[in-house]
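J.: below are the sequence and a predicted model for it; my questions follow.
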Amino acid sequence: MPVYSISHVENVRVCVVMVGLPARGKSLIAQKIVRYLSWLSINSKCFNVGSYRREIATDTVVDAEFFDPKNEVGMNYRQEAITRATTDMMKWFSDDNGVVGILDATNSTRDRRDKILKLCRENSIEPMFLESFCDDQDLIMQNILDVKTTSPDYLNRNNEFAAEDFLKRIKFYEQVYETMDQKADADLTFIKLVNVNSQIILNRIESYLESRIVYYVMNLHIKPRSIWLSRHGESEYNLTGQIGGDSNLSERGWRYAKRLPELVLKSLGEENKHTNLTVWTSTLKRTQQTSSFLPYKRKLQWKALDELDAGECDGMTYEEIEKTFPEDFKARDDDKYEYRYRGGESYRDIVIRLEPIIMELERQENILIITHQAVLRCLYAYFMNVPQEESPWMSIPLHTLIKLEPRAYSTLVSRIKADIPAVSTYKEKGTSQLGELETGTASKSRDLIRDSELAK
Ligand SMILES: O=P(O)(O)OC[C@H]1O[C@@](CO)(OP(=O)(O)O)[C@@H](O)[C@@H]1O
């Protein structure tokens with residue numbers, strides 16, 4: 001049976017129109033919304049007007065003066081770029097069943113916003129304006145240094161030139177910028193974030209989909225932090241190849257539990273060794289036993305982090321499942337993301353129950369999560385933007401600590417192996433056999449996670 005999501009039930013299509021001066025983190029917010037909604041299977045796409053402008057304005061110098069509102073050449077190119085972006089977006093809504101399109105540009109004047117509004121209304125798309133208003137000079141400078149100095153606009157330019165030129169560009173935009181206003185824009189649906197989220201103004205949020213986006217952006221923060229992910233140590237069920245259950249750790253699993261504090265310290269590095277982590281586990285014994293030697297006071301159990309419920313297959317090996325329920329076994333291999341165990345769950349079901357976890361993770365700072373193979377795949381897929389058809393097939397070996405460092409436009413991944421062997425719990429498509437013993441040190445070619453991998 002198909003599982004419906006909000007976008008099927010409501011039949012609403014939303015165009016999120018970003019608003020704000022340059023260097024206000026608009027692109028970052030836009031990309032995060034797309035990643036979050038895509039993870040929830042809501043068809044969403046970002047249309048970055050700057051990329052369109054770079055494609056067309058190739059025969060002119062693009063420096064700060066290009067953005068002078070009195071510069072006719074610049075204005076023409078910018079007009080052409082927004083026209084192309086909105087045309088592509090409308091085409092995407094109709095041809096590709098788009099649900100949430102994000103128009104990532106400054107959209108800084110009321111005149112420009114009125115035109116977009118009109119276009120949305122003509123195409124029966126709900127416009128929702130999302131302004132990032134920021135007058136905190138430190139935040140602005142940080143954004144310029146983090147992002148703009150690496151922008152394609154400043155290829156082969158040094159950072160000093162880039163920062164100075166960019167400040168000039170902002171000055172030109174300030175001449176015409178009109179912020180969203182509760183009186184002047186009273187009829188519009190909008191969210192106004194003031195200095196990231198120190199103040200949030202909401203106006204006419206109507207659909208459920210819009211309210212999900214509001215709730216998500218309200219929880220975002222930009223403080224640097226890391227998230228550590230680990231499967232529990234090898235369990236007794238892992239040794240016998242049985243799935244599910246609530247078994248204890250094996251002798252090697254306990255060894256991993258004892259080694260884990262050392263791995264975490266190594267990953268924190270000397271200068272951060274006193275960082276206080278919060279540890280999240282599932283309610284199952286194997287994750288709690290794995291966390292038992294960690295010196296951190298705050299340890300929380302989440303039911304939502306429990307392993308995929310295998311229903312009638314709980315406690316069976318893959319071979320037994322293939323013999324007892326051959327059709328189910330094949331159906332799962334054919335579409336592992338959607339397949340729901342008899343009386344149990346699918347990967348899609350896990351994603352749905354993990355949503356509050358993702359929301360809380362966005363709010364929190366340094367968290368170490370000890371959970372299970374399927375759950376970890378889903379969490380990893382969110383941070384690394386892994387497509388649905390791939391995520392259930394990712395190999396996430398036992399006895400390995402993964403560190404994620406969310407950055408402006410990517411998430412940095414590193415991992416430390418404990419050097420304690422463990423069985424493989426990885427089953428390839430088309431077989432009921434599990435892989436060979438993991439040595440706990442070597443990387444396997446099928447691993448989708450590579451050291452220092454970057455995900456857009
Ligand atoms: O989706 P697949 O690849 O079957 O992986 C999920 C399975 O991983 C297992 C191990 O085989 O996780 P875990 O080690 O956390 O118990 C099973 O319990 C679970 O059903």
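T.: It's in.

J.: and stretch 326-340, anywhere near the ligand?
T.: No - using Cβ under 6 Å from any ligand atom, stretch 326-340 never reaches the ligand; the gap is at least 6.6 Å. Backbone N, C-alpha and C define where each C-beta goes, glycine included.

J.: average pLDDT across that stretch?
T.: Across stretch 326-340, pLDDT averages out at 98.

J.: what residues of it count as buried?
T.: Neighbour-count burial for stretch 326-340 flags 328-329, 332-333, 336-340 (criterion: 16 or more other Cβ atoms under 10 Å).

J.: list just the nearest of those to the ligand.
T.: residue 336 (6.6 Å; Cβ to the nearest ligand atom).

J.: and the closest residue to the ligand within the chain, what pLDDT?
T.: Nearest to the ligand, among the residues of the chain, is residue 372, at 3.1 Å (Cβ to the nearest ligand atom). pLDDT, residue 372: 98.

J.: isn't it right next to residue 304, touching?
T.: No - with contact defined as Cβ atoms under 8 Å, residue 372 does not reach residue 304; the gap is 11.5 Å.

J.: OK, contacts around the residue of the chain closest to the ligand?
T.: Contact analysis of residue 372 by Cβ atoms under 8 Å, 6 or more residues apart in numbering lists 231-232, 282, 284, 287, 305-308.

J.: any idea how far it is from residue 284?
T.: Residue 372 is 8 Å from residue 284, where distance means Cβ to Cβ, to the nearest Å.

J.: shared neighbours, those two?
T.: What both residue 372 and residue 284 touch, as defined by Cβ under 8 Å, 6+ apart, is the set 232, 306-307.

J.: quick one: end-to-end length of stretch 237-248, please.
T.: 8 Å (Cα to Cα, to the nearest Å).

J.: now do the buried residues in that stretch.
T.: Applying a neighbour-count criterion of 16+ other Cβ under 10 Å, one finds 237-239, 241-245, 247 buried in stretch 237-248.

J.: what's the answer for stretch 139-155, then?
T.: 139-140, 143-144, 146-149, 151, 153-154.

J.: which ones among the buried residues of stretch 237-248 lie within helices?
T.: Counting by DSSP state H, the part of the buried residues of stretch 237-248 found in helices is 237-239.

J.: can you give me the neighbour number for residue 233?
T.: When neighbours are counted by other Cβ atoms under 10 Å, residue 233 registers 29.

J.: meant to ask about residue 208
T.: Around residue 208 there are 12 residues (other Cβ under 10 Å).

J.: give me phi/psi at residue 230?
T.: Here is the backbone geometry of residue 230 (degrees, to the nearest 10): phi -150, psi 140.

J.: pLDDT averaged over stretch 145-158 - what is it?
T.: Mean predicted lDDT for stretch 145-158 stands at 81.

J.: that older thread, most neighbours out of the shared contacts of residue 372 and residue 284, which is it?
T.: Ranked by neighbour count (other Cβ under 10 Å), the shared contacts of residue 372 and residue 284 have residue 232 at the top, with 28 neighbours.

J.: so that one is in contact with residue 373, correct?
T.: No - using Cβ under 8 Å, residue 232 makes no contact with residue 373, being 9.4 Å away.

J.: beyond the helix or strand harbouring residue 145, next helix or strand please.
T.: Applying DSSP states H and E as the criterion places residue 145 in helix 137-146. Downstream of helix 137-146, the first helix or strand assigned by DSSP H and E is helix 159-176.

J.: against which helices or strands is that next one packed?
T.: Secondary-structure packing of helix 159-176 (3 or more Cβ pairs under 8 Å, 6 or more residues apart in numbering; DSSP states H and E): helix 137-146.

J.: near the ligand, which residues of the stretch 151-300 of the chain show up?
T.: Contact residues (Cβ under 6 Å from any ligand atom) of the stretch 151-300 of the chain with the ligand: 235, 238, 243-244.

J.: quick one, what contacts the residue nearest to residue 239 when sequence neighbours are not counted?
T.: Distance criterion Cβ to Cβ, 6 or more residues apart in numbering; nearest residue to residue 239, sequence neighbours excluded, is residue 250 at 5.2 Å. Contact analysis of residue 250 by Cβ under 8 Å, 6+ apart lists 233-236, 238-239.

J.: can you redo those residues as JSON lines with pLDDT?
T.: What follows is the contacts of residue 250, written out as JSON lines (pLDDT from 0 to 100):
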{"residue": "233", "pLDDT": "98"}
{"residue": "234", "pLDDT": "98"}
{"residue": "235", "pLDDT": "98"}
{"residue": "236", "pLDDT": "98"}
{"residue": "238", "pLDDT": "97"}
{"residue": "239", "pLDDT": "97"}
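
J.: and of those residues, the nearest to residue 266?
T.: residue 233 (17.2 Å; Cβ to Cβ).

J.: compute the number of surrounding residues for the residue nearest to that closest one when sequence neighbours are not counted.
T.: Nearest residue to residue 233 in three dimensions, chain neighbours excluded: residue 253, at 3.0 Å (Cβ to Cβ, 6+ apart). Using other Cβ under 10 Å, residue 253 has 25 neighbouring residues.

J.: in the helix or strand harbouring residue 253, what counts as buried?
T.: Using DSSP H and E, residue 253 falls within helix 251-268. By 16+ other Cβ under 10 Å, the buried positions in helix 251-268 come out as 252-257, 259-260, 263-264, 267-268.

J.: other residues contacting it?
T.: Counting by Cβ under 8 Å, 6+ apart, 228, 230, 232-235, 238, 249, 273, 275, 277, 286, 289-295, 368, 398-399, 401, 403, 414, 416, 418, 420-422 sit against helix 251-268.

J.: just the C-alphas of whichever helix or strand comes after it, formatted as CSV.
T.: Remark: after helix 251-268, the chain's next helix or strand is strand 278-281, criterion DSSP H and E. Taking C-alpha atoms only, strand 278-281 is exported to CSV below (Å, rounded to 0.1, in the frame of the first residue of the first chain):
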residue,chain,number,x,y,z
THR,A,278,25.0,14.4,24.6
VAL,A,279,24.5,10.7,23.8
TRP,A,280,21.3,9.5,22.1
THR,A,281,20.5,5.8,21.9
